[in-house]
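> Predicted model, plus sequence, below.
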Amino acid sequence: MSRRLAQGFVPEPPPGTPVVIALGANLGDRDGTLDAAAAELRALPLTDRVRVAEPISSIAIKPDGPDAAAPRYLNSVATLRTRLAPSVLLAALHEIEARHGRVRAERWGDRTLDLDIIAYGAVLSADPALTLPHPRAAERSFVLAPWLALDPDAELPGAGPVRALLDRLGEDG
Ligand SMILES: Nc1ncnc2c1ncn2[C@@H]1O[C@H](COP(=O)(O)OP(=O)(O)OP(=O)(O)O)[C@@H](O)[C@H]1O
Ligand SMILES: Nc1nc2c(c(=O)[nH]1)N=C(CO)CN2
């Protein structure tokens, strides 16, 4: 045994990768579902420093644009550190979605819970099964606004400061 271990030195685990997750819900008890999902993120193995933004209400965006007839969304963002690999984290998020009755039918259809990985450290991936950063994050004020509220210095890898991205969306209406 090394002298440091013999002296009771317990090494810190590696700190993990900073990850940003978007949460959205527009069916059912949206508040309750987001609260439960936040608790489930806090309970993930090898994961700590989970912070969750105050949810915002947003109009449903459908493939043809904003849809005032669809139920409004509650959206939030969580930041955390994890030592789970990206694919393992995505599988865990799909399990959480499934526990909340998520059904995948039409594209951008109404849903009880959606969990997307917005960024996993500075990892860039074009894999359709897990594209990083999330390819539509920079266009989504319902992602950028709660993220900025959690972290005023947030940066979307490859796209720049979240504050500037959000300002740009504001100018476009
Ligand atoms: N960064 C990512 N986060 C979550 N899922 C992703 C990501 N990149 C690719 N995917 C893949 O996208 C598939 C569809 O995900 P999902 O049903 O949540 O899409 P969506 O929420 O309807 O649309 P959008 O991707 O525009 O938010 C998932 O099965 C997953 O494999
Ligand atoms: N307001 C809002 N609209 C959406 C959302 C969402 O989370 N919030 N998610 C979508 C697909 O992920 C499609 N449209």
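Arrived safely, thanks for sending. Ligands and ions are numbered 1, 2, ... in the order given.
> Identify the residue nearest the geometric centre of this structure.
Ile21 (1.1 Å; C-alpha atoms, centre = their mean).
> who's in contact with that residue?
Shown in contact with Ile21 (C-beta atoms under 8 Å, 6 or more residues apart in numbering): Leu41, Val77, Ala78, Thr79, Leu80, Leu93, Leu115, Asp116, Ile117, Ile118. Placement of C-beta: from N, CA and C, glycine included.
> Next, see if the helix or strand containing Ile61 gets close to ligand 1.
Ile61 is part of strand 60-62 when elements are defined by DSSP states H and E. No - residues of strand 60-62 are not located near ligand 1 by C-beta under 6 Å from any ligand atom, the shortest gap being 9.1 Å.
> what does that strand rub up against?
If you take C-beta under 8 Å, 6+ apart as the criterion, strand 60-62 is touched by Asn26, Pro66, Asp67, Ala70, Pro71, Arg72, Tyr73, Trp108, Asp110, Arg140, Phe142.
> top of those by neighbour count?
Compared across the contacts of strand 60-62, Tyr73 has the highest neighbour count, 23 neighbours, by other C-beta atoms under 10 Å.
> quick one: that residue from Pro133, how far?
20 Å (C-beta to C-beta, to the nearest Å).
> just Arg30 next, same as before
To Pro133, Arg30 is 25 Å away according to C-beta to C-beta.
> Now do Val103, the pLDDT please.
Per-residue pLDDT puts Val103 at 72.
> shouldn't it be in contact with Arg111?
Yes - the pair Val103 / Arg111 is scored as a contact, 7.3 Å apart, by C-beta atoms under 8 Å.
> Contact distance from ligand 1 - what residues of the chain qualify?
Near ligand 1, when you scan the chain using C-beta under 6 Å from any ligand atom, you find Leu90, Arg104, Trp108, Asp114, Asp116, Ile117, Ala129, Leu130, Thr131, Leu132, His134, Arg136.
> ok, back up a step: more neighbours: Val103 and Arg111, which one.
Per other C-beta under 10 Å, whichever of Val103 and Arg111 has more neighbours is Arg111, with 22 against 11.
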